[in-house]
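Asker: The following block contains a protein sequence and its predicted model.
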Amino acid sequence: MPTINVNGRDHAFEGNPEMPLLWFLRDVAGLTGTKFGCGMALCGACTIHLDGVATRACVTPVAAALTAKVTTIEGLSVDGDHPVQQAWKELNVAQCGYCQAGQIMQAASLLKQKPKPSDADIDATMAGNLCRCGTYTRIRAAIHLAVVKTGGAA
Amino acid sequence: MSADGQIPVKPLDVPIANESRRAFLFGLGAGALVLAVGLPAPRALAQEAKKYGGDGMPGGLKDDPRTFIAIDADGTVTILNHRAEMGQGVRTSVPMIVADELEADFSRVRVRQAPGDQETYGNQNTDGSRSIRHAFAPLRRAGAAARQMLEAAAAAAWAVPASEVRAVNHELVHAKSGKRAGFGAFAEAAAKLPVPEAATLRLKAAKDFRYIGKDGRALVDNDDIVTGKATFGIDVRLDGMLYAVVARPPVYGGRVRTHDAKAALAVPGVVKVVPLDGAPIPSAFLPLGGIAIIAENTWAAIEARRKLAIEWDDGPNAGYDSAAYRATLETAVRAPGKLVRDAGDTYAALERAPNKIAAEYYIPHIAHAPMEAPVATVRITDGACEAWASVQAPEAARTLLAELLKLPKEKVTIHQTLLGGGFGRKSKPDFIGEAALLSKAVDGKPVKVTWTREDDIVNDYFHTVALERIEAGADAKGKPVAWLHRTAAPSIGSLFGPDTKHQRAGELGQGLTDLGFFGVPNLRIENPEAAAHTRIGWFRSVYNIPHAFATQCAVAELAHAAGRDPKDMLLDLIGSPRQVDPSTLAEASNYGEDPKVHTVDTARLRGVVDAVAKASRWGRTLPKGRGLGIAAHRSFATYTAAVVEVEVAADGTLRIPRVDIAIDCGLQINPERVRSQMEGSVIQGISLALLGEIRFAKGRAVQTNFHDYTLTRIDGAPAEIHVHAVNATDASLPLGGVGEPGLPPVPPALLNAIFAATGKRIRTLPVRDQLRGG
């Protein structure tokens, strides 16, 4: 039976491989940290890592994840202490919090690729993640803080 | 797919939602005791006169400590939050209030979410920027009463006078004897004592506050949010749960004429197709009807819905067209309308004024688009119904479900999850009604109804469309002498009453009939007719948005016409400091507050203008292409003012280097969340001014998802937002709201800044590409 590796654990899957990974994660695997926002890769609420790279789960078929490692917000760190998560807490970034799992996954992916991003880098990379509450200025600040926490200079 | 049997059953883990009231009242753990036994005593009976504030809301205010506070034998304090958390931080702010008066150590406080039950908890309708404004006083009383009960229990055990025992940071202390013990040691004894009468409560002096007014409090849900463990409405999972989506009529008042579900039923995982009756206009909170698909997972339901063939009868609103409707509103505001406030002789004064303007301001419908679209889960067992939903108005949901299922209200339980945004959309429980009807259709099995983004946008309760016409005049010296405002916008009353053609007094009283312009001797406000052709609903700050947009743009226009600085013109219009009872100006609800207490205080309105002008260095010289705009507004008994700085490039590209916003809501309970609400209001205000628009054609919303209903993203957000607190520690002022008042001044300040930068006056929102091509 095909399996999908999510956060280091194999999940059996025998349904339609066209099912978006988002709905597999949420409805089948019960990992609800990854959110549904638009279904068209327009808002970033469903951002996960596919082999370490930020990916929109709502438009990624399960088939594309069969040979990859999937990381969701639940698996970003063991104790919720990834520098991005720490920075998010320290600056009270969240308002309603719904988009923040996607924001955090996108930000973690950004820092992996660009350990010391500028504001322009942040805006360019994070522009795919909508926040209706308007936490953007804190998101920028938190990404800079995460750089410091990782050992870089702000 | 054959998901049946493959779905791992995760036990419902909704710590914020599954606390039964009985368990809460009688203890949280085995053997734990609790400061909460016996039946709540009836407290202060009805006052004779008209009730204001929380007392005037259905369910009123409750302050019984046994309802809101439990203390375990190990000293853990559990505080019940009875308001909806949708990003405003109420799950952090409510326990700050209670814990402060209780003298609890915040690190030993847990927060639990109350189910919907206004008989027990008091009013829970989380809108109108009311939570803290109304609950501050009763929650303080609850905390103080519990503290005094603990002190009395300790005093009895130690055989010392109660007056000599003091609760200090989670301990009871008798200074004379040196005795001290934790809260847990006396929780059981305290619970058996009578609740002190309100008059005997020793409330803290403001200088002794431990948490109230202190900055930097971490959100109680931070850990859960950043690890994906927080439970929003969409995250609820129940044993045997089914998943549904609904194909709803695209036109308000439409219904299914014929449908063919054969192809949909053939989609693997589909369980049932259920036609739902539509609601007649006005539909209030009733579901819109349509064809529902119930399936084993959300995706199967969505896929099957695509395969439905439905022929709609569009009904009476089939011709609704935004361009034609705008023309209707333009005709309406160009003739006198229903008079709603009048001072002096405005028409004559306008006639004489040497400097004058006449301008029309248009705001289209907008959709709330909370990041979590509406979603609800309902199950029905043994004649009782339970719902889990991200809902702002649990009592309205309870009433609706009782009505739809023909159950007594006591048999309906609403578990409130975290809300992934609300902004007024989730005050309307229609989506929970759908889940109830669908659960009933599958013999009470749990059914989760998920709205897709398209559903959310095309079937929203839209923010009103509005056209505002202002004619204003200044004398030869530039002093304002006449102000005529005509407002035409469909009323939210149209949801509940057919043929509603005028804004209700409470809507007109949102920053218009209560307008704090007392420096202009002739002021007249009229309300021509406007009919509704779609569902109109509350959107954060509601009618304040069009009223403030028009008013505050017109101030700057009049200033320009008279050759004056916009801030000076604004202060002239506000006039000298005074406190005015808004009920003397017009019929208005004053946000439910006592008009003699929550007055229109022009000193406070001037105060926020001065604060924001100073902080933004109003009047400074800017390079070409840059400009500052200012606006101020009173709403929800709070005063706000904003200065926006814009930079407009030659090609029309707009950037916002900085926004300053000042707020005077009186005492700030949780300054950190006040700041975040102002930041969010700034960005939401910018978003609607620059981008927000839902257009209608053939009765249908044209926009459907975030590609065409665009919102401000991080690359369009201001580089800096500075929030300035005014009177934030003054406990003598009546409390104002926080969630909404930040928004109204932002769009006009932005449009005034664009004018200052470019000389281009935009009066139609959204701005979109109006700055391009010169």
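Answerer: Perfect, I can see it now. All of these numbers come straight from a predicted model, not from anything done at the bench.

Asker: For residue B:765, which non-adjacent residue is spatially closest?
Answerer: The spatial neighbour of residue B:765 that comes closest, neighbours along the chain excluded (C-beta to C-beta, 6 or more residues apart in numbering or on different chains), is residue B:363 at 4.8 Å. Quick note: C-beta positions are derived from backbone N, CA and C, even for glycine.

Asker: can you tell me how far the one you found sits from chain A?
Answerer: 18 Å (C-beta to the nearest C-beta, to the nearest Å).

Asker: what about that residue, neighbour count?
Answerer: By the criterion of other C-beta atoms under 10 Å in any protein chain shown, residue B:363 has 25 neighbours.

Asker: Touching, it and residue B:549? I think so.
Answerer: Yes: between residue B:363 and residue B:549 there is a contact at 6.1 Å, judged by C-beta atoms under 8 Å.

Asker: what residues are shared contacts of those two?
Answerer: Listed as contacting both residue B:363 and residue B:549 by C-beta atoms under 8 Å, 6 or more residues apart in numbering or on different chains are residue B:765.

Asker: circling back to that earlier point, dump the residue contacts of the residue nearest to residue B:765.
Answerer: If you count contacts by C-beta under 8 Å, 6+ apart, residue B:363 has them with B:465, B:466, B:545, B:546, B:549, B:765.

Asker: Which of those residues has the largest number of neighbours?
Answerer: residue B:545 (32 neighbours).

Asker: helix or strand for the residue in the stretch 51-200 of chain B that chain A sits nearest to, which one?
Answerer: Closest approach between the stretch 51-200 of chain B and chain A, counting by C-beta to the nearest C-beta: residue B:87, at 3.3 Å. Under the criterion DSSP states H and E, no helix or strand holds residue B:87.

Asker: cool, and residue B:550?
Answerer: Secondary structure assignment for residue B:550, by DSSP H and E: helix B:544-561.

Asker: could you give the angle of the helix or strand just after that helix to helix B:544-561?
Answerer: Downstream of helix B:544-561, the first helix or strand assigned by DSSP H and E is helix B:566-574. Going by axes from the mean of the first three to the mean of the last three C-alpha atoms, to 10 degrees, helix B:566-574 is angled at 110 degrees with respect to helix B:544-561.

Asker: Wait, a helix at residue B:659?
Answerer: No: secondary structure assignment (DSSP: H, G, I helix; E, B strand; the rest coil) places residue B:659 in strand, not in a helix.

Asker: Quick one: residues contacting it.
Answerer: Counting by C-beta under 8 Å, 6+ apart, residue B:659 has contacts B:642, B:643, B:644, B:645, B:682, B:686, B:718, B:720, B:721, B:722, B:746, B:749.

Asker: Of all the residues in chain A, which one is nearest chain B?
Answerer: In chain A, the residue that lies nearest chain B is residue A:33 (2.0 Å; C-beta to the nearest C-beta).

Asker: Just give me the neighbour total for that residue.
Answerer: Neighbour count of residue A:33, defined by other C-beta under 10 Å: 24.

Asker: what's the residue lying closest to it once chain neighbours are set aside in contact with, if anything?
Answerer: Using C-beta to C-beta, 6+ apart and skipping the chain neighbours, the partner closest in space to residue A:33 is residue B:228 (2.0 Å). If a contact means C-beta under 8 Å, 6+ apart, then residue B:228 has A:31, A:32, A:33, A:34, A:72, A:73, A:74, A:101 as its contacts.

Asker: need those residues in CSV with secondary structure and pLDDT, can you?
Answerer: Converted to CSV, those look like this (DSSP: H, G, I helix; E, B strand; the rest coil; pLDDT from 0 to 100):
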residue, secondary structure, pLDDT
A:31, coil, 98
A:32, coil, 98
A:33, coil, 98
A:34, coil, 98
A:72, coil, 98
A:73, helix, 98
A:74, helix, 98
A:101, helix, 98
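
Asker: buried stuff in stretch B:399-413?
Answerer: Residues of stretch B:399-413 classed as buried by neighbour count (16 or more other C-beta atoms under 10 Å in any protein chain shown): B:399, B:400, B:401, B:402, B:404, B:405, B:407, B:411, B:412, B:413.

Asker: any idea which element residue B:433 lies in?
Answerer: Using DSSP H and E, residue B:433 falls within helix B:430-441.

Asker: Who are the contact partners of residue B:356?
Answerer: B:350, B:471, B:472, B:473, B:474, B:482, B:558, B:561.

Asker: give me the number of residues near the last one?
Answerer: Under the neighbour criterion other C-beta under 10 Å, residue B:561 is assigned a count of 18.

Asker: can you pull the contacts of it?
Answerer: B:355, B:356, B:357, B:474.

Asker: ok, now how distant is it from residue B:475?
Answerer: Residue B:561 sits 12 Å away from residue B:475, going by C-beta to C-beta, to the nearest Å.

Asker: ok, now residue B:374?
Answerer: 52 Å.

Asker: Need phi/psi at residue A:49.
Answerer: Phi and psi for residue A:49, reported as degrees, to the nearest 10, are phi -110, psi 130.

Asker: just residue B:54 next, same as before
Answerer: Main-chain torsions, residue B:54, degrees, to the nearest 10: phi -60, psi -30.

Asker: Just to check, it is in contact with residue B:134?
Answerer: Yes: counting by C-beta under 8 Å, residue B:54 touches residue B:134, with 3.2 Å between them.

Asker: Need the overlap of contacts for these two.
Answerer: With C-beta under 8 Å, 6+ apart as the test, residue B:54 and residue B:134 both reach B:61, B:123.

Asker: so where's the longest helix in chain B?
Answerer: Secondary structure of chain B per DSSP state H: the longest helix is helix B:131-158.

Asker: Give the other helices and strands that that one contacts.
Answerer: On a contact count with 3 or more C-beta pairs under 8 Å, 6 or more residues apart in numbering or on different chains; DSSP states H and E, helix B:131-158 meets helix B:65-68, strand B:69-71, helix B:90-102, strand B:165-168, strand B:171-174, strand B:179-182, helix B:183-191.

Asker: in the fourth one, what counts as buried?
Answerer: Along strand B:165-168, these residues count as buried under the neighbour rule (16+ other C-beta under 10 Å): B:165, B:166, B:167.

Asker: The residue of chain A closest to chain B against residue B:224, yeah?
Answerer: No: when contacts are counted by C-beta under 8 Å, residue A:33 is not listed as touching residue B:224 (9.6 Å).

Asker: Domain-wise, how is chain A divided?
Answerer: With domains defined by automatic domain parsing, chain A comprises A:3-75, A:83-150.

Asker: highest average neighbour count across those domains?
Answerer: Mean neighbour count (mean count of other C-beta atoms under 10 Å in any protein chain shown) peaks for domain A:83-150 among the domains of chain A, with a mean of 23.

Asker: now for that one, what's the gap between its first and last residues?
Answerer: One end of domain A:83-150 sits 6 Å from the other (C-alpha to C-alpha, to the nearest Å).

Asker: ok, it near chain B or not?
Answerer: Yes: for domain A:83-150 and chain B, the contact criterion (C-beta under 8 Å from any C-beta of the partner chain) is met by A:85, A:88-89, A:92, A:94-101, A:104, A:119, A:122-124, A:126-140.

Asker: Excluding chain neighbours, what is closest to the one residue sitting closest to the centre of chain A?
Answerer: For chain A, residue A:105 is the residue whose C-alpha lies nearest the centre (C-alpha atoms, centre = their mean; 2.5 Å). Leaving aside its chain neighbours, residue A:105 sits nearest to residue A:47 (4.3 Å; criterion: C-beta to C-beta, 6+ apart).
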